[in-house]
Every structure is written in structure tokens, then in C-alpha cells.
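In: Provided below for reference: sequence and predicted model.
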Amino acid sequence: MGVPFEALLPYGIMIGMFAFTGGALGQLRWMQNGRKRPRHGLDIWDQVMMQRDRRLTGFARGQTDKAEAPAGFELNNPWKVEYRFF
């Protein structure tokens, strides 16, 4: 005697919802990342450069070919000044 398909419907629905949610979250991450694959294992330098790119272009992975920074960018420095010697 086989298993009635009505008993397997909830499992199929749950698996389908997990697949849909995973795909939707992956698509959102891809769209928020400037239509590029997400990066993993970033070091401090990569994070600083991504912050710089975000300030220049609006996207963390965005790049620009302009040789000069926009107005006001010279005062927007992410590096913290360390006072060791007085």
C-alpha cells in the first residue's frame, strides 16, 4: 500500500517556499550589490576601498572613470587621525 499524495503535499509546499525564499533573498543581495556577485573574506583594505567607492558612486562595488573627485570629497576622509606625539 502506497502513501497517499495528500500526506506529502505539506512537505512539497514547505520545500517550495524554502526554495522561493532562498532564490528571492539571493536575487535581492545580487541587486543590492550593483548586479555583481557578493564578495566574501574581505580584509580591512577591501572594506575601506568599498566605502570609498560607495562615497564616490553610491554603490559599494561601483567604480568610476572620472579622474577628479567630486566637490566636497576632499573633506570626506574615512581615515581617523591618530595623535601619538604632542
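Out: Looks like it arrived, so ask away.

In: which of the residues in the lowest-mean-pLDDT helix or strand in the chain are buried?
Out: Lowest on mean pLDDT, DSSP states H and E among the helices and strands of the chain sits helix 44-57, with a mean of 87. If you call a residue buried by 16 or more other CB atoms under 10 Å, then helix 44-57 has these buried ones: 50, 52-53, 55-56. Where you see a C-beta, it was placed from the backbone N, CA and C, and this is true even at glycine.

In: Then stretch 26-39?
Out: Result for stretch 26-39 [16+ other CB under 10 Å]: no buried residues.

In: got it, and stretch 59-76?
Out: Residues of stretch 59-76 classed as buried by neighbour count (16+ other CB under 10 Å): 60-61.

In: oh, and call the first residue 48 from now on, that's how I've got it
Out: With the count now opening at 48, the last piece we talked about shows up as stretch 106-123.

In: With only the CA atoms kept, save it in CSV.
Out: Extracted in CSV, the C-alpha atoms of stretch 106-123 (Å, rounded to 0.1, in the frame of the first residue of the first chain):
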residue,chain,number,x,y,z
PHE,A,106,27.4,51.6,-4.7
ALA,A,107,29.8,49.6,-2.6
ARG,A,108,31.0,47.8,-5.8
GLY,A,109,30.6,50.8,-8.1
GLN,A,110,33.6,52.2,-10.0
THR,A,111,34.1,55.4,-11.8
ASP,A,112,36.4,56.5,-14.6
LYS,A,113,36.5,60.2,-13.6
ALA,A,114,40.0,61.4,-12.9
GLU,A,115,38.9,64.1,-10.4
ALA,A,116,36.8,63.5,-7.3
PRO,A,117,33.5,65.4,-6.9
ALA,A,118,33.4,68.6,-4.9
GLY,A,119,33.5,68.1,-1.2
PHE,A,120,35.1,64.7,-1.4
GLU,A,121,38.5,66.0,-0.2
LEU,A,122,36.9,66.8,3.2
ASN,A,123,35.2,63.4,3.5
